[in-house]
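In: Generate a structure from the sequence data that follows.
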Amino acid sequence: MTIPLCMTNQRDVLIWPGCTNGEYSVKSGWVRTEYPNINEVQELINLIGAQKQRLELFAVVAWFVWNRRNKIRLQESSLDKSRIFSTAAQYLLAFQLKFPEKMAKSPAIATKWSPPLGEGYKTNYDGAVFEEAGEARIGVVVRNGNGEVLAALSEKIPYPGTVELVEILAARRAVQFIVELGMAQSIFEGDSKIVYKALKSGDVGHSSIGQYVKDIMSIPGSIRTFSFSHIRRQGNCVAHALAKRARFTFPLLVWMEHVSPDVIPFVLSDL
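Out: Coordinates of the predicted model:
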């Protein structure tokens, strides 16, 4: 449809201030009676724009008013003015149902390593796979309630064939490490949910890692208290860095009360 435009500038005016008797009949009230002196369309839009939903409905109603005016000018059939508001509201609702507003995703909560309570110890473990070399690497770090490193290791092992097996072997090495250190208790924490669930439930019947779960459960003879927990990879960065580091080092490296300089930033990030 081609709409002829005026060749001279025209001043915007409010053409729908209310009913002929001076009372506003639209219940939602485009202009409330406490604002009786609005003379500019922009003032009306600013007022309604304070609420997004009202502004959307106002825009649809305004379009229906404009559309009806042009149909009348072109002597075409038009919507009765008494139905403009209800029709506009139905039109907007149908559009919103078909194209629902996408809710903004909540920002991901950063996962951070948490220290053990009191005088306890936490042992984090992780595995890294390097298939091209046919190897896997294990990283283990033991820390106290202040986040201080008591011991750490980085060890190469032959690649056992799956990531799950690497992770369960890392868990087994973590338990062995605590026994070697002569410590009586620890929380063992890794980032594999499969391994965590198997260890938590003592599932020795698991098809691929059940035998290793059984091995782990038979190790803690000298450990009086132990438990298993799970953390996302982001919170397991020290053990992961130790596992990655093993690729470039001797088959086994052990640190007591410190770690290598390249791993220190990951330790500090957890404090």
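In: Flag the shaky bits of the stretch 151-271 of the chain, pLDDT-wise.
Out: Within the stretch 151-271 of the chain, the segments meeting pLDDT under 70 span 246-249.
In: Report the mean confidence score over the longest helix along the chain.
Out: Identified as the longest helix of the chain according to DSSP state H is helix 52-73. This predicted structure assigns helix 52-73 an average pLDDT of 82.
In: So which residues of the stretch 101-250 of the chain form strands?
Out: Taking DSSP state E, counting those that start in this stretch, the strands of the stretch 101-250 of the chain run over residues 121-130, 135-144, 149-158, 185-190, 225-230.
In: Looking at those strands, which is nearest to Lys81?
Out: strand 225-230 (64.7 Å; C-beta to C-beta). Bear in mind the C-beta positions are built from the backbone N, C-alpha and C, glycine included.
In: Packing partners of the closest one?
Out: The helices and strands touching strand 225-230, judged by 3 or more C-beta pairs under 8 Å, 6 or more residues apart in numbering; DSSP states H and E, are helix 163-181, strand 185-190, helix 193-201.
In: buried residues in the longest one?
Out: It stands for helix 163-181. 163-178, 181 (16 or more other C-beta atoms under 10 Å).
In: and that helix with strand 149-158, angle?
Out: Angle, helix 163-181 to strand 149-158, by axes from the mean of the first three to the mean of the last three C-alpha atoms, to 10 degrees: 130 degrees.
In: Against which helices or strands is helix 163-181 packed?
Out: Using 3+ C-beta pairs under 8 Å, 6+ apart as the contact test, the elements touching helix 163-181 are strand 121-130, strand 135-144, strand 149-158, strand 185-190, helix 193-201, helix 210-218, strand 225-230.
In: In contact with Val149: list those residues for me.
Out: Shown in contact with Val149 (C-beta atoms under 8 Å, 6 or more residues apart in numbering): 141-143, 255, 257-259, 267.
In: Tabulate the helices and strands packed on helix 163-181 in CSV, adding columns for distance to Thr111.
Out: Shown next, in CSV, are the helices and strands packed on helix 163-181 (distance: least, C-beta to C-beta, whole Å):
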stretch, distance to Thr111
strand 121-130, 13
strand 135-144, 16
strand 149-158, 20
strand 185-190, 12
helix 193-201, 13
helix 210-218, 24
strand 225-230, 11
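In: Between those, which one is closest to Val61.
Out: Of all those, helix 193-201 sits nearest to Val61, with 53.2 Å by C-beta to C-beta.
In: Okay, buried residues for that closest one please.
Out: Applying 16+ other C-beta under 10 Å to helix 193-201 flags 194-196, 198-199 as buried.
In: Out of the residues you listed, the closest to His240 would be?
Out: Val195 (14.5 Å).
In: my guess is that closest one contacts Ala174, does it?
Out: No. The criterion here is C-beta atoms under 8 Å, and Val195 misses it with Ala174 at 10.8 Å.
In: Could you tell me how far the helix or strand hosting Pro265 lies from the centre of the chain?
Out: Using DSSP states H and E, Pro265 falls within helix 264-269. What separates the centre of helix 264-269 from the centre of its chain is 24 Å, taken as C-alpha atoms, centre = their mean, to the nearest Å.
In: Enumerate residues external to that helix that contact any of its residues.
Out: 141, 147, 149, 237-238, 241, 259.
In: which two in those residues are spaced the farthest apart?
Out: For these, the maximum inter-member distance is 15.1 Å, found between Gly147 and Ala241 (C-beta to C-beta).
In: So for those two, which residue has more residues nearby?
Out: Between Gly147 and Ala241, counted using other C-beta atoms under 10 Å, Ala241 has the larger neighbour count: 23 against 16.
In: can you pull the contacts of that one?
Out: Neighbouring residues of Ala241 by C-beta under 8 Å, 6+ apart: 139, 262-263, 266.
In: Out of those residues, flag the one nearest to Leu55.
Out: So of the contacts of Ala241, ranked by how close each gets to Leu55 (C-beta to C-beta), first place is Phe266, at 49.8 Å.
In: That closest one: neighbouring residues, count only.
Out: Phe266 has 18 neighbouring residues, counting by other C-beta under 10 Å.
In: now do Phe226
Out: For Phe226, the neighbour count with other C-beta under 10 Å is 19.
In: Thank you, goodbye.
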